[in-house]
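A.B. asks: Compute the structure for the input listed below.
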Amino acid sequence: MNKTKKISYWIATIWLSLGMVSTGIVQLLKMEQDVDRMHELDYPIYLLTLLGIWKILGVIAVLIPRFPILKEWAYAGFFFAMSGAVFSHIASGSPVKEIFPSLLLLVLTVVSWYLRPENRKVTAIN
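C.D. replies: Predicted coordinates:
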């Protein structure tokens, strides 16, 4: 892995991790704005707890060494959660400023996954 790719991976991964941890904590705290938004979307409030826990565990999985299959699951979870958030915002007619954070985390998820080092990838066993 060349130096530029490695630096780009870590920049994307650190920003992704900070975004997921911060939103995960906010969801676990059930901030009023998030609870109101869940009501607007007709989603159950307990989903905030579930998403918050999964995001924090996903960040741990992405950052710790080894466990490439666990990392794949974490990236998949991030992708599903953030693409679902983007779709929910678009479907509910949210303004772009409300869609952007989820879209940014979705892009960071894809970039971090794509640039991850070989030792963080699942290798096929023949």
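A.B. asks: the helices in this protein, which residues?
C.D. replies: According to DSSP state H, the chain carries its helices in the segments 3-29, 32-40, 46-63, 68-91, 96-115.
A.B. asks: Nearest to the spatial middle of the chain, which residue is it?
C.D. replies: Compute the mean C-alpha point of the chain, and by C-alpha atoms, centre = their mean the closest residue is residue 78, 3.5 Å away.
A.B. asks: count of neighbours near the nearest residue to that residue once chain neighbours are set aside?
C.D. replies: Distance criterion C-beta to C-beta, 6 or more residues apart in numbering; nearest residue to residue 78, sequence neighbours excluded, is residue 109 at 4.4 Å. In this view, the C-beta of every residue, glycine as well, is placed from N, C-alpha and C. By the criterion of other C-beta atoms under 10 Å, residue 109 has 27 neighbours.
A.B. asks: quick one: residue 109 from residue 35, how far?
C.D. replies: To residue 35, residue 109 is 25 Å away according to C-beta to C-beta, to the nearest Å.
A.B. asks: chain center to stretch 104-120: distance?
C.D. replies: 10 Å (C-alpha atoms, centre = their mean, to the nearest Å).
A.B. asks: Identify each buried residue in that stretch, please.
C.D. replies: Within stretch 104-120, the residues that qualify as buried are 105, 106, 108, 109, 110, 111, 112, 113, 115, 116, 120, counting by 16 or more other C-beta atoms under 10 Å.
A.B. asks: and which of those residues is nearest residue 39?
C.D. replies: Ranked by distance to residue 39 (C-beta to C-beta), the buried residues of stretch 104-120 are led by residue 105 at 22.3 Å.
A.B. asks: in the helix or strand of the chain with the lowest mean pLDDT, what counts as buried?
C.D. replies: Lowest by mean pLDDT, DSSP states H and E among the helices and strands of the chain is helix 32-40, with a mean of 92. By 16+ other C-beta under 10 Å, the buried positions in helix 32-40 come out as 34, 37, 38.
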